[in-house]
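Student: Structure, please.
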Amino acid sequence: MHHPLRLNADAGESFGHWSMGQDEQLLPYLDLVNLACGFHAADPDTMRRSVRLAKQHQVGVGAHPGYPDKVGFGRRSLACSADEIENLLLYQLGALDAFCRAEDWPLTYVKPHGALYHDMMQKPAVFEAILRAVNRFNPKLALVLLAVPERQVFSQAAEALGITLWWEAFADRAYTAEGQLADRQQPGAVYHCAEKIRDQAQRLATQQPVPTLDGQWLQLQADLLCVHGDNAESIALVASLRDLIQQAHSTP
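Tutor: This next block holds a predicted model:
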């Protein structure tokens, strides 16, 4: 039997007096939460508060490390060497893990953020640097990757270092024919229609193909479904997606 998709979302992205997201409303509906580690968003107080909230709701914690670019919210690719990427990962994993230890709630996986996530999927040197960082820090941590159709290269490299991969799909993002996420700058790359998001989630949960931006169909297999909960409407949507996934799994 296929395991149900686990819902994950980005959170813990507030910084100082600047508040972002509705984490307290969002977390009760999640299985896993990707917490910012201070480079693209968050600060020490936010990080500890976020871990505490995850423990309260029994939500698994993942590190969400990004490029050191708060102004660009980590969505701009930086020209970093492989060593620099390995080190910026280790730095951020260590920071979040400290708060997890303080709250006695384990860090269980790593999901790179924004431009670093995209670079990982498209630049082998970046992916290998991230793998090395996870391996050196804690090889028991899973690494989240985009659920692309062609996985062999990623799987072989991860297996060589003993890293488990979790494959992730998106309910509210359009795909290219190659299985990559459409660039946010493209029209139609981000879905805002709740019905369209629910339809894509339903397709992913029942292993049906999803539409691509150019009108083709793409077959994806995923372990995780990423959702966004930045406003009141999206909290209600996340709640409905959780119900949808549970129903899809319980239907024979």
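
Student: what about the residue nearest to Ala82 when sequence neighbours are not counted, distance to His249?
Tutor: Once flanking residues are discounted, Ala82 sits nearest to Ala129: 4.2 Å by C-beta to C-beta, 6 or more residues apart in numbering. C-beta: built from backbone N, CA, C; applies to glycine. Shown here: Ala129 relative to His249, a distance of 36 Å by C-beta to C-beta, to the nearest Å.

Student: Who has more neighbours out of those two?
Tutor: Ala129 (23 against 14; other C-beta atoms under 10 Å).

Student: list the contacts for that one?
Tutor: With contact set as C-beta atoms under 8 Å, 6 or more residues apart in numbering, Ala129 has these partners: 82-83, 85-86, 89.

Student: ok, which stretches of the stretch 1-150 of the chain are strands?
Tutor: Under the criterion DSSP state E, counting those that start in this stretch, the stretch 1-150 of the chain contains strands at 6-11, 32-36, 60-64, 107-110, 142-146.

Student: again, but for the stretch 151-252 of the chain
Tutor: Secondary structure of the stretch 151-252 of the chain by DSSP E, counting those that start in this stretch: the strands cover 165-170, 210-211, 217-218, 224-227.

Student: Mean neighbour count, mean pLDDT and distance to Ile235 added to these, as JSON lines?
Tutor: Formatted as JSON lines, the strands of the stretch 151-252 of the chain follow (neighbours: other C-beta atoms under 10 Å; pLDDT from 0 to 100; distance: least, C-beta to C-beta, whole Å):
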{"stretch": "strand 165-170", "mean neighbour count": "21", "mean pLDDT": "97", "distance to Ile235": "18"}
{"stretch": "strand 210-211", "mean neighbour count": "18", "mean pLDDT": "95", "distance to Ile235": "24"}
{"stretch": "strand 217-218", "mean neighbour count": "15", "mean pLDDT": "96", "distance to Ile235": "28"}
{"stretch": "strand 224-227", "mean neighbour count": "24", "mean pLDDT": "94", "distance to Ile235": "10"}
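
Student: Out of these, the one nearest Ala194 is which?
Tutor: Among the strands of the stretch 151-252 of the chain, the nearest to Ala194 by C-beta to C-beta is strand 224-227 (11.5 Å).

Student: ok, Leu7 - how many residues close by?
Tutor: Neighbours around Leu7, by other C-beta under 10 Å: 23.

Student: Alright, I will stop here.
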